[in-house]
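Asker: pasting the sequence and the predicted coordinates here, then a few questions.
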Amino acid sequence: MGLGRFGGGLGAAQWLASQGARVVVTDMQPAEKLAEPLAELRALIERGAVVPHLGGHDRDDFINTDLVVVNPAVPAPWSNQFLDAARAAGVPMTTEMGLLVERAAARLGRDQTIAVTGSVGKSTTTAMIAHALRALGQTVLLGGNIGGSLLSTIDSVNPESKPWLVLELSSFMLHHLGMQQQWSPRIAVVTNLSANHIDWHGTMDHYRASKQQILAHQRAGDIAILGPGVEDWPVAANVRVARTAGSHFGETLTLPGEHNRVNAAQAATVIELALSTVPRSEIERAIGGFGGLIHRLQLVAEVCGVKFFNDSKSTTPEAAIKAVEALEKPSGSGREAPRSHIHLIAGGYARGTDLSPVADLTKDLAGLYTIGQTGPVLTALARAIAPTRVHSFETLEPALRAAAAAAKPGDCVLLSPACASWDQFTNYEARGELFVALVGALSGAKSAPMAIGGGVAV
């Protein structure tokens with residue numbers, strides 16, 4: 001249910017077909033909206049192993065089946081009429097992640113399973129952990145919300161290599177894992193918590209409860225690493241708790257920003273507890289070399305002395321604020337304010353989040369350039385604070401051109417939308433890729449290479 005475009009539905013369909021199952025893929029979207037994943041399934045469709053039912057759902061598909069694999073982003077799965085029909089018919093349900101953790105437990109056990117969640121920083125922290133483990137000579141399987149599916153990889157990995165399974169888990173994934181699998185990892189990490197995805201969860205309490213599923217089914221001897229603001233979350237009996245609100249990271253870090261030092265400190269704590277014989281200094285050196293993720297405060301290019309940063313993964317106000325803070329200049333550096341060199345592009349899909357903290361940034365910025373569905377709301381909020389610094393646009397291209405035209409040498413143009421992308425883009429990756437392409441077109445510059453830490457100076 002829900003092929004989607006992020007790879008989880010595709011991976012589940014491919015893996016189930018490889019196991020000999022006959023797979024019906026049903027999605028509310030028509031075929032033309034799912035061209036990319038359908039192209040990947042073409043050979044399976046042609047031989048009848050996968051049957052697409054697109055443009056809507058049919059109740060019979062949900063009751064005349066052995067298993068329903070639900071895309072975790074399906075809205076309100078607790079009251080969906082088709083899932084209700086499956087439940088009434090006694091049909092079991094799972095998700096791609098549910099299939100993965102069951103398969104991983106059967107093949108690899110759970111002793112080397114690390115999972116990370118949180119409202120901000122979970123992708124970077126997850127990637128830091130995987131990068132450092134590999135740098136320290138460990139075998140790592142990296143997956144979950146960070147992209148793609150590990151189902152086929154789990155089948156081919158050698159258990160004797162003792163791989164670490166490192167997962168980024170969204171609140172959607174955790175809701176299903178808690179309800180269907182009652183699963184938690186041996187090492188659970190919660191980076192922080194702030195309001196997010198309230199349009200899906202309905203309330204902050206439901207969002208928090210879904211996040212807490214990462215801890216709910218841990219066992220005695222497991223490890224819970226709790227970041228700022230979640231230090232008091234309940235854990236199971238005899239679970240070892242490490243609190244990282246004031247953790248220190250002493251090594252030089254490639255990524256800018258104090259928030260990334262917090263991410264690095266949490267990643268270092270994870271590895272210190274996972275590899276107890278490795279010195280902390282060696283762990284920090286391994287993390288310090290991490291170059292960052294695409295679409296997460298990625299330096300795309302420097303054009304005529306202006307730096308362009310792609311932070312399209314910023315889908316919350318908290319993430320946008322941290323991006324701005326990361327690019328601050330020290331006080332007394334010749335500017336009237338540490339943020340007065342930053343031109344911020346923000347706005348996107350409306351999902352009930354309070355954008356006033358983003359609007360409040362405007363008083364210190366060189367300019368705020370609003371886009372997307374939330375653009376009018378953000379514009380109105382910001383103009384009440386600093387009316388001359390706010391510029392309203394519908395789409396990304398004119399906003400970028402205006403920001404680039406206003407920027408002076410030494411300035412930064414930052415795409416950090418503080419909102420999801422679904423009003424105008426398939427996903428945040430597509431939004432970031434357009435930003436990269438548009439920056440590449442400025443003054444005839446070439447597009448930045450799409451690789452971790454990639455960038456080009458012009």
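Answerer: That came in fine, so what should we check first?

Asker: going by C-alpha atoms from here, please, whenever you check contacts or count neighbours.
Answerer: OK.

Asker: show me the shaky parts of the stretch 151-300 of the chain.
Answerer: Nowhere does the stretch 151-300 of the chain drop to pLDDT under 70.

Asker: change it to 90
Answerer: The model of the stretch 151-300 of the chain has pLDDT under 90 over residues 152, 155-156, 179-182, 195-197, 199, 245-248, 250-260, 289-294, 296-300.

Asker: where in the stretch 351-458 of the chain is pLDDT low?
Answerer: In the stretch 351-458 of the chain the weaker segments, taking pLDDT under 90 as the threshold, are 351-353, 426-427, 442-458.

Asker: show me where it has strands.
Answerer: 367-370, 390-392, 412-415, 456-457 (DSSP state E, counting those that start in this stretch).

Asker: now the ones you listed in CSV, with mean neighbour count?
Answerer: Formatted as CSV, the strands of the stretch 351-458 of the chain follow (neighbours: other CA atoms under 10 Å):
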stretch, mean neighbour count
strand 367-370, 29
strand 390-392, 20
strand 412-415, 28
strand 456-457, 16
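
Asker: can you say which of those is nearest to Val50?
Answerer: Of all the strands of the stretch 351-458 of the chain, it is strand 412-415 that lies closest to Val50, at 39.2 Å by CA to CA.

Asker: what lines up beside that closest one in the sheet?
Answerer: strand 306-310 (parallel), strand 342-346 (parallel) (DSSP bridges).

Asker: wait, what's in contact with the nearest residue to His248 once chain neighbours are set aside?
Answerer: Sequence neighbours aside, Ala265 is the residue nearest to His248 in space, at 6.0 Å (criterion: CA to CA, 6 or more residues apart in numbering). Going by CA atoms under 8 Å, 6 or more residues apart in numbering, Ala265 touches 244, 247-249.

Asker: report how many residues lie close to Gln19.
Answerer: 8 (other CA atoms under 10 Å).

Asker: nope, Ala382 is what I meant
Answerer: 26.

Asker: now it: how far from Thr252?
Answerer: Using CA to CA, to the nearest Å, Ala382 is found at 36 Å from Thr252.

Asker: try Arg261
Answerer: Distance of Arg261 to Thr252, given as CA to CA: 9 Å.

Asker: got it, and Ser171?
Answerer: Ser171 is 32 Å from Thr252, by CA to CA.

Asker: so which of these two has more stuff around it?
Answerer: Ser171 (27 against 12).

Asker: residues in contact with the more buried one?
Answerer: Each residue near Ser171 by CA under 8 Å, 6+ apart is listed here: 117, 207, 210-211.

Asker: how about Arg383?
Answerer: Neighbours of Arg383 in contact, by CA under 8 Å, 6+ apart: 389-390.

Asker: again with Gly118
Answerer: Applying CA under 8 Å, 6+ apart, the residues near Gly118 are 170, 190-193, 211.

Asker: repeat that for 6 Å
Answerer: 190-193 (CA atoms under 6 Å, 6 or more residues apart in numbering).

Asker: got a ChimeraX select line for the buried ones in those residues?
Answerer: This is how ChimeraX selects the buried members of these, with burial counted by 16 or more other CA atoms under 10 Å:
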select :190,191,192,193
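
Asker: between the contacts of Gly118, which sits nearest Ala216?
Answerer: Val190 (12.4 Å).

Asker: just to revisit the earlier point, now the strands of the stretch 351-458 of the chain as CSV including distance to His217?
Answerer: Shown next, in CSV, are these (distance: least, CA to CA, whole Å):
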stretch, distance to His217
strand 367-370, 43
strand 390-392, 47
strand 412-415, 38
strand 456-457, 46
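
Asker: so which of those strands is nearest Gln182?
Answerer: Comparing these by CA to CA, strand 412-415 comes nearest, at 38.2 Å.

Asker: hmm, Ala382 is touching Ala359, no?
Answerer: Yes: the pair Ala382 / Ala359 is scored as a contact, 4.4 Å apart, by CA atoms under 6 Å.

Asker: contact partners for Thr244?
Answerer: Gly227.

Asker: can you report phi and psi for it?
Answerer: Main-chain torsions, Thr244, degrees, to the nearest 10: phi -120, psi 20.

Asker: from the chain's centre, how far out does stretch 142-162 sit?
Answerer: Chain-centre distance of stretch 142-162: 18 Å, with CA atoms, centre = their mean, to the nearest Å.

Asker: flag every buried residue along that stretch.
Answerer: Buried residues in stretch 142-162 (16+ other CA under 10 Å): 142-146, 148-151, 154.

Asker: again, but for stretch 65-76
Answerer: Neighbour-count burial for stretch 65-76 [16+ other CA under 10 Å]: 68-72.

Asker: now find how far off-centre it is within its chain.
Answerer: 20 Å.

Asker: mean confidence (pLDDT) on it, please.
Answerer: Computed over stretch 65-76, the mean pLDDT rounds to 95.

Asker: that stretch: end-to-end distance?
Answerer: Span of stretch 65-76 from end to end, CA to CA: 21 Å.

Asker: what's the answer for stretch 115-128, then?
Answerer: End-to-end distance (CA to CA), stretch 115-128: 13 Å.
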